[in-house]
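Engineer: Quick check, what structure comes out for this input:
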Amino acid sequence: MQARSTTQQHLSNTLSWLYRCFDAIATWVTQLSWWKFLLFACLTLAAAGILQQELFNRPAEEEIARAEREAGRRSDASILIDESGIHFNPRNRARAAAATEPAVPEVPDGTDGTDAPAPPAPPAPPVPSRGGGGTGTVNVNPNGDSVHIELPPQIGEELSDAIEAAVEDAAEQKVSRYHKQASTWFMNFVLLLLLALFGTKALVGGKKRADAEAKVANDAAEREAMQRQLSETKMQMMQAQVEPHFLFNTLASVEHLIRVDPPRASAMQRSLIQYLRAVLPQMRDNAVVTGLGREVDMVRAYLDLLKMRMEERLTVDLQIPDGLRSAAFPPMMLQSMVENAIKHGLECKSEGGTLKIVAEVADSQLRVTVTDDGVGFGVMPSDGTGLGLQTIRDRLRMLHGDAGRLHIGANSPSGVIATIEVPYQLSKPDRNDRLA
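Structural biologist: Prediction:
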């Protein structure tokens, strides 16, 4: 049982290794363009041709000599042809000796076999050849070690040349067959390899490309999600940021008015409570899109507080049609634009000015414009980070792509015009859409 489990484990590891190798090769092939694959195939065929030339086209003399040596090692006897005739020497001398050993004579009946051994038989007389062109004799060594066939010199030389030519021709044919077969197998292997790579690229390439595109899309989606999460985190920080100096100044104004003008202090306190009621739900809510009416109510509460502080120095003009209160709008963007207009345009102007907010629909785009006639660009140094407008642009791009835009321009005769454009859509109903 343990041996069977070990075998299965080895088989599983082998199959896993083969799959990884195939997957790596398939991935590499599919990543190549078709012209690169064709270039690779041409280079492979050229390299295979060079290897074929070096491996299977050795000099004929070397191969023939090697074949003759192998034939000589496989033969059971050696044959030598010279001017005196043919000399045959068996390799297996025991077998030759057994073949030439004379039979032991039987002992005649009535004898005890103690007589002296019979003398050896005389050597066989030469056997005359039957050829008509000369005479030849066959001499067999009594010990069976060799056989010598005497031939005329001319016949022996012709026979030697014929045998040598036959051996060389046989060796050449054998070498030629071996080279042709090995060369064919080698080139077939290379062609089958290229065909397999071509099939892998054609069949598996689509799946690999789809997987690669899906991976790229997933990575892009993850990056976009991270950027969106970062932007939303910044938005939440911005939503949670009720500027301390604004809140403290408002509370200090309430405390001062309690002593000198209690009715006005009470009105400022109610405006502060209304503003906090509008802001706190936004601080707790992580919604990406809210209603324009909710944003306008929050800005109106903020402006009411500022108007009590700035008094006649601040004039507010809100032109928000009731039909657009349900339009979808990113949270806290209008608040940020109004804060910039007050802080960098109107509050630093001695005589104050007018803040105008207009909402309209044009070409299926919701356009919200904040206009002030304050000091304008670059008149007063800013102590901010300069990231407010860039954060708005980043959020618009992530929420609506190219359909969301922020335009900043100069107002005439002074001040700034800031416009946000988003696709006109209806927001989801919200119980806090209107403040009581």
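
Engineer: tell me the mean pLDDT for stretch 411-418?
Structural biologist: Stretch 411-418 carries an average pLDDT of 90.

Engineer: Next: stretch 7-16.
Structural biologist: 84.

Engineer: Could you do stretch 375-392 as well?
Structural biologist: Taken as a whole, stretch 375-392 has a mean pLDDT of 68.

Engineer: next one: stretch 48-61
Structural biologist: On average, stretch 48-61 scores 70.

Engineer: With stretch 227-237 instead?
Structural biologist: On average, stretch 227-237 scores 67.

Engineer: Are we agreed that residue 194 is in a strand?
Structural biologist: No - counting by DSSP: H, G, I helix; E, B strand; the rest coil, residue 194 falls outside a strand, being helix.

Engineer: Spatially nearest residue to it (excluding sequence neighbours)?
Structural biologist: Among residues not flanking residue 194 along the chain, residue 41 sits closest, at 5.2 Å (C-beta to C-beta, 6 or more residues apart in numbering). No exception for glycine: its C-beta is placed from N, CA and C like everyone else's.

Engineer: Number of residues surrounding that neighbour?
Structural biologist: 17 (other C-beta atoms under 10 Å).

Engineer: just checking, residue 400 is part of a strand?
Structural biologist: No - assessed with three-state DSSP, residue 400 is helix; it does not lie in a strand.

Engineer: Distance check, it against residue 206.
Structural biologist: Residue 400 sits 34 Å away from residue 206 when distances are taken as C-beta to C-beta, to the nearest Å.

Engineer: Those two: which has the busier surroundings?
Structural biologist: More crowded of residue 400 and residue 206, by other C-beta under 10 Å: residue 400, with 17 against 11.

Engineer: Assess the claim that that one and residue 424 are in contact.
Structural biologist: No - the criterion here is C-beta atoms under 8 Å, and residue 400 misses it with residue 424 at 11.1 Å.

Engineer: which secondary structure element contains residue 349?
Structural biologist: Residue 349 belongs to no helix or strand when assigned by DSSP states H and E.

Engineer: what's near enough to touch it?
Structural biologist: Going by C-beta atoms under 8 Å, 6 or more residues apart in numbering, residue 349 touches 313, 374-375.

Engineer: Highest neighbour count among the residues you listed?
Structural biologist: Busiest of the contacts of residue 349 [other C-beta under 10 Å] is residue 374, holding 25 neighbours.

Engineer: isn't it right next to residue 350, touching?
Structural biologist: No - using C-beta under 8 Å, residue 374 is not in contact with residue 350; the gap is 11.0 Å.

Engineer: Around residue 251, how many other residues sit close by?
Structural biologist: By other C-beta under 10 Å, neighbour count at residue 251 equals 13.

Engineer: Which pLDDT value goes with the residue nearest to residue 194?
Structural biologist: In this model, residue 41 is scored at 87, pLDDT.

Engineer: do you know how far residue 416 is from residue 336?
Structural biologist: 13 Å.

Engineer: In the chain, what helix or strand scores lowest on average pLDDT?
Structural biologist: Every helix and strand of the chain was ranked by mean pLDDT, DSSP states H and E. The lowest is helix 93-100, at a mean of 46.

Engineer: So, low pLDDT: which residues of the stretch 151-300 of the chain?
Structural biologist: Scanning the stretch 151-300 of the chain with the threshold set as pLDDT under 70 gives 151-154, 156-157, 205, 208, 228, 231-232, 234-246, 282-288.

Engineer: all strands of the stretch 101-250 of the chain, in order?
Structural biologist: Listed in chain order, the strands of the stretch 101-250 of the chain (DSSP state E, counting those that start in this stretch) span 137-140, 147-150.

Engineer: weakest of those in terms of mean pLDDT?
Structural biologist: Here the strands of the stretch 101-250 of the chain differ in mean pLDDT, and the lowest is strand 137-140 at a mean of 62.

Engineer: Next, the buried residues of the longest strand along the chain.
Structural biologist: Scanning the chain for the longest strand, with DSSP state E as the assignment, gives strand 353-362. Under the neighbour-count criterion of 16 or more other C-beta atoms under 10 Å, strand 353-362 has 353, 355-357, 359 buried.

Engineer: Please name the strands paired to that strand in the sheet, noting orientation.
Structural biologist: Using DSSP bridges, the strands paired with strand 353-362 are strand 314-319 (parallel), strand 365-372 (antiparallel).

Engineer: Need the residues that contact the longest one.
Structural biologist: Strand 365-372 has contacts (C-beta under 8 Å, 6+ apart) with 292, 324, 327-329, 334, 337-338, 341-342, 345-346, 353-361, 403, 411, 415-425.

Engineer: Among these, name the buried ones.
Structural biologist: Neighbour counting with 16+ other C-beta under 10 Å marks 292, 324, 327-329, 334, 337-338, 341-342, 345-346, 353, 355-357, 359, 411, 415-422, 424 as buried within the contacts of strand 365-372.

Engineer: Looking at the residues you listed, which are in helices?
Structural biologist: 292, 334, 337-338, 341 (DSSP state H).

Engineer: nearest to residue 391, of those residues?
Structural biologist: Using C-beta to C-beta, residue 337 is the member of those that lies nearest residue 391, at 11.8 Å.

Engineer: For burial, what's the neighbour tally of residue 247?
Structural biologist: Look at residue 247: counted by other C-beta under 10 Å, it has 14 neighbours.

Engineer: how near is it to residue 347?
Structural biologist: Counting by C-beta to C-beta, the gap from residue 247 to residue 347 is 16 Å.

Engineer: same deal with residue 202?
Structural biologist: As judged by C-beta to C-beta, residue 202 and residue 347 stand 70 Å apart.

Engineer: who has more neighbours, the two?
Structural biologist: Per other C-beta under 10 Å, whichever of residue 202 and residue 347 has more neighbours is residue 347, with 18 against 13.

Engineer: ok, that one - contacts?
Structural biologist: Counting by C-beta under 8 Å, 6+ apart, residue 347 makes contact with residue 310.

Engineer: Next, give phi and psi for it.
Structural biologist: Backbone dihedrals for residue 347, given as degrees, to the nearest 10, come out at phi -70, psi -30.

Engineer: what separates it from residue 19, distance-wise?
Structural biologist: From residue 347 to residue 19 the distance is 70 Å (C-beta to C-beta).
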